[in-house]
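[1] fold the following, please.
(2 chains)
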There are 2 protein chains.
Amino acid sequence: MDGARALMRTLVESGITTLFTNPGTTELHLVEAAEATPGLRSVLALFEGVASGAADGYGRIAGRPAATLVHLGPGQGNAWANFHNARRARTPIVSLIGDHATYHKRFDPPLESDIAAVARALDSAVRTPRIAEQVSSCAASAVADAASAPGRISTVIMPADVSWSPTETMAAPMPPTPARIVPGERIERIAALAGRDAQTVLLLGGPACREEGLRAASRIAAATGMPVFTETSPARLEHGAGLPDFPRLGFYPEQAGAQLKGASHVLLAGVHEPVVIGFAYLGQPSSPVPADAVMVTLAAPDEDVARALTDLAAIVAPGTAATVAAAARPAMPSGPLTLQSWPQVLGALLPEDAIIVDESISSGQGVPAATAGAPRHDLLALTGTAMGMGLPLAAGAAIAAPDRPVILLDGDGSAMYTISALWTHAREHLNITTIILKNSSYGILREEWEHLREPGQNELHDSPLINLGGAPLDFTGLARSMGVPAAHADTSEELAEHLTRAVD
Amino acid sequence: MDGARALMRTLVESGITTLFTNPGTTELHLVEAAEATPGLRSVLALFEGVASGAADGYGRIAGRPAATLVHLGPGQGNAWANFHNARRARTPIVSLIGDHATYHKRFDPPLESDIAAVARALDSAVRTPRIAEQVSSCAASAVADAASAPGRISTVIMPADVSWSPTETMAAPMPPTPARIVPGERIERIAALAGRDAQTVLLLGGPACREEGLRAASRIAAATGMPVFTETSPARLEHGAGLPDFPRLGFYPEQAGAQLKGASHVLLAGVHEPVVIGFAYLGQPSSPVPADAVMVTLAAPDEDVARALTDLAAIVAPGTAATVAAAARPAMPSGPLTLQSWPQVLGALLPEDAIIVDESISSGQGVPAATAGAPRHDLLALTGTAMGMGLPLAAGAAIAAPDRPVILLDGDGSAMYTISALWTHAREHLNITTIILKNSSYGILREEWEHLREPGQNELHDSPLINLGGAPLDFTGLARSMGVPAAHADTSEELAEHLTRAVD
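    Now for the predicted structure:
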């Protein structure tokens, strides 16, 4: 056995079954080891950001880490933006990065760079085995570290000579640290607060957006009258018929500000203090929380938020049932597609048990309402606001849940960052239907500029830096060129026809 | 004037005329300012790695910096790999990165990350104006820093509130630090060495690969019998008929080892000690330089290497002329394309005054010989070995030299990292002909594994992690879908026909 095989064997023994990779020369022993290790599925991406985004999608759905393998600093650079989204989603990922042989680095070869510094900017722990005997314990620790609550990226840098050196040393798998239980005294103190006539608002994030947390929150809301919001961009929101449906905290400061207006206390369940997402605006505060409101943490991100909500509901809402959305699809619209109609087509046709990946940005504001009564589904949102998440995330989600249909909602601008992921969709025969909303612009930038622009500043409506005209972007041609069937829709009828065929 | 306009005005007054960008919300004031500033051409990329690679190509040809503008940490992540190639090419670039408003950062918004740490991993200086009055001096310093010998990336992080705050403060442009002159005593000492019967080998890199350095090196070689090699992956090599033609130091250790075998002294002109490029190999040294050879620096990368070579030639080769390649195109081959024949088609048809961007990796080994007698051209090589350089670099080179034809030689694997650059080629009407060598594999990984594999290890010839089969990659369809005309060639005749039409 060499270090590379010790690494892959340890990952499998620690419960990792999937590796997303775009390898290079320094990873060849790791490629050989991955192929030689039973129980590991290796998936090739043509760009490292596809591998990192797929690992994010996989981890959000599987609830356990996949591994990624990329080529030194440049590979990590290409993976970085989707690792950023994964970091914000708190997705567990073991990031493997091949490096030069230890003795080769002092020559400063062309690919040399400070891999660890760039990994640490993702809040990743970084482990580098210096001899092959250290590989297995590094790998076991990295898996445990990634999977410990609330979840994170954990990096192992593998020098080439460590990969190819012999070893027989294997470490035992290490258990991850589970989410901490919130102490009963804190729950009781908060229950007392909820019972008073304070204007308390409950914010849900992280695992609170799964069924158990949502149901408990619904009971609390019904018993206390407390308004409830979910975070703006949840990593994984369970949604649809039979589940409680709470509004998401708005993207724009005036939306979120109106939602939280008058709150005396903001109860945080799985989230930190909310912030206006994209930007700070002139003359507007960064936080939508009223300046005199008190933040109260029910459960921090590394605490068991679903249990804390359930425990709180047991005190303040002992006999109260959750309020859930009735099954109710929107009526099928007709005529030219609009920002209102296309989500209704989606809601009308959404298959059972779907996973919706949402990177539709400015085109997707109608999606939550149109899908609230559709069959129950998971929604994976753009946690870190780094464009190019959608196509890769869909790949990883589809691999984590091969029996579930994945529906990707993407913008034309955002799809182009990682367009080569379509090739992986085709090659792995993934059950993904991609809907690209083509507005031929970075629509979100137009909207934001309308918020920001002051007298004397130019409009950017026709700016070639915001509009995508001037050359074609034929997504049906792009998709077909990578093996994905594609069709164009101008009307609701056409979209319905294509969508029906695609998810069949 | 706001900080954003002060920034753009300072860049233009400092000699910057081109901005490559993929902007986001936090850059909108900078977008507005770029459009409002006369003398600045802004070019949109659909992916940040296209912007960074284009700035590299621009800088290599123009000899002065372009600016890039990308969106916070994720934008810099996407730009990183091609910034890495630029760093290794010592290309001057001013990297502008929008950031959250200073007061917004403490809320840790979704896009927040340590931008400076990731920039520093590129050996970039990082400047962050904290108030609008500091913007102009930061920008002027950054341009001077980027353009100072030998050239580097210089980063300016622009907080949104600094961009939108008013200022009238403008700093004067700052002169860059030119290359240092090599002291005459060092030249004389080296001249004495060259006159002895030492076995001295001369290695050329950086600006020594331009005409003046090549001519001086040729004279030195003719007068002293000293073998001369250029670095394996030059940032910019002047090549073709009428210029000296030296072999490049080999990629593989046995090639480079054979070239340097028996050397007692290695004379370094614009380069550091050479290293085996891609990898360290089991049982082979990292450096191809014989263990007992002495390294002698004629000119370090921040010194004026062309002048040092000329000064040395004046002493050791006062009456000797340079030996230059005669005009001699290869005969036009016929029949199915091979690794031998396609470069001959290129050599036979290369237009006058071309710029060749070479990311052909394993398919391009015949290019140097086939173009040695072709019309004089510049060759831009893959300096940092980070894939995905070709399409972006070609865009920047074409914008820097609109009157010159750009010929890009790319692999199918390498082209896919930054394939959306084709859209920028079409949109900017760039004079670029892209030749994609499709071997449906990461051919370099196959070759490397043959060097590395030991008994008991699997062959990877059919590995799905190295082969690109299993789903189509139709490059003609991809190109047409982004507005670039395309055709497929199986034979030399077909390639000749398409190439003739393309460069016409």
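[2] spell out the secondary structure type for A:Gly319.
    coil (DSSP: H, G, I helix; E, B strand; the rest coil).
[3] how's chain A carved up into domains?
    The record assigns chain A these domain ranges, following automatic domain parsing: A:3-164, A:184-316, A:341-438+A:473-503.
[4] could I get those domains as JSON lines with mean neighbour count?
    Every C-beta, even on glycine, is put in place using the N, C-alpha and C of the backbone. Below are the domains of chain A laid out as JSON lines (neighbours: other C-beta atoms under 10 Å in any protein chain shown):
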{"stretch": "domain A:3-164", "mean neighbour count": "25"}
{"stretch": "domain A:184-316", "mean neighbour count": "20"}
{"stretch": "domain A:341-438+A:473-503", "mean neighbour count": "23"}
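[5] could you dump these to JSON lines with distance to A:Leu465 and mean pLDDT?
    Shown next, in JSON lines, are the domains of chain A (distance: least, C-beta to C-beta, whole Å; pLDDT from 0 to 100):
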{"stretch": "domain A:3-164", "distance to A:Leu465": "20", "mean pLDDT": "97"}
{"stretch": "domain A:184-316", "distance to A:Leu465": "17", "mean pLDDT": "91"}
{"stretch": "domain A:341-438+A:473-503", "distance to A:Leu465": "12", "mean pLDDT": "97"}
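[6] bridging residues for A:Glu303?
    For A:Glu303, the beta-bridge partners under DSSP bridges are A:Arg180.
[7] hang on, A:Met389 packs against A:Ala54?
    No: A:Met389 is beyond contact range of A:Ala54, at 10.3 Å (criterion: C-beta atoms under 8 Å).
[8] burial measure for A:Ala325, as a count.
    Neighbourhood size, A:Ala325 [other C-beta atoms under 10 Å in any protein chain shown]: 17.
[9] so what's it closest to, chain neighbours aside?
    Nearest residue to A:Ala325, sequence neighbours excluded (C-beta to C-beta, 6 or more residues apart in numbering or on different chains): A:Asp245, at 4.5 Å.
[10] could you check how far that neighbour is from A:Met332?
    21 Å (C-beta to C-beta, to the nearest Å).
[11] now swap in A:Arg427 and tell me
    Noted for A:Arg427: a distance of 34 Å to A:Met332, by C-beta to C-beta.
[12] still on that earlier bit, next, the residue nearest to A:Ala325: phi, psi?
    phi -130, psi 110 (degrees, to the nearest 10).
[13] and what of A:Ala142?
    Here A:Ala142 shows phi and psi, under degrees, to the nearest 10, equal to phi -70, psi -40.
[14] excluding its backbone neighbours, what's nearest it?
    Using C-beta to C-beta, 6+ apart and skipping residues adjacent in sequence, the residue nearest A:Ala142 is A:Ser154, 4.3 Å away.
[15] before we move on, what SS does that neighbour have?
    Using three-state DSSP, the structure places A:Ser154 in strand.
[16] so it bridges to which residues?
    A:Val94, A:Ala125.
[17] hmm, it is touching A:Arg120, no?
    No: using C-beta under 8 Å, A:Ser154 makes no contact with A:Arg120, being 11.6 Å away.
[18] what does the stretch 301-450 of chain A have sitting close to chain B?
    Residues of the stretch 301-450 of chain A lying close to chain B (C-beta under 8 Å from any C-beta of the partner chain) are A:383-388, A:413, A:416-417, A:419-420, A:423-424, A:426-427, A:442, A:444-445, A:448-449.
[19] B:Arg90 versus A:Pro183, what's the distance?
    58 Å.
[20] could you do A:Ala235 as well?
    Distance from A:Ala235 to B:Arg90, by C-beta to C-beta: 41 Å.
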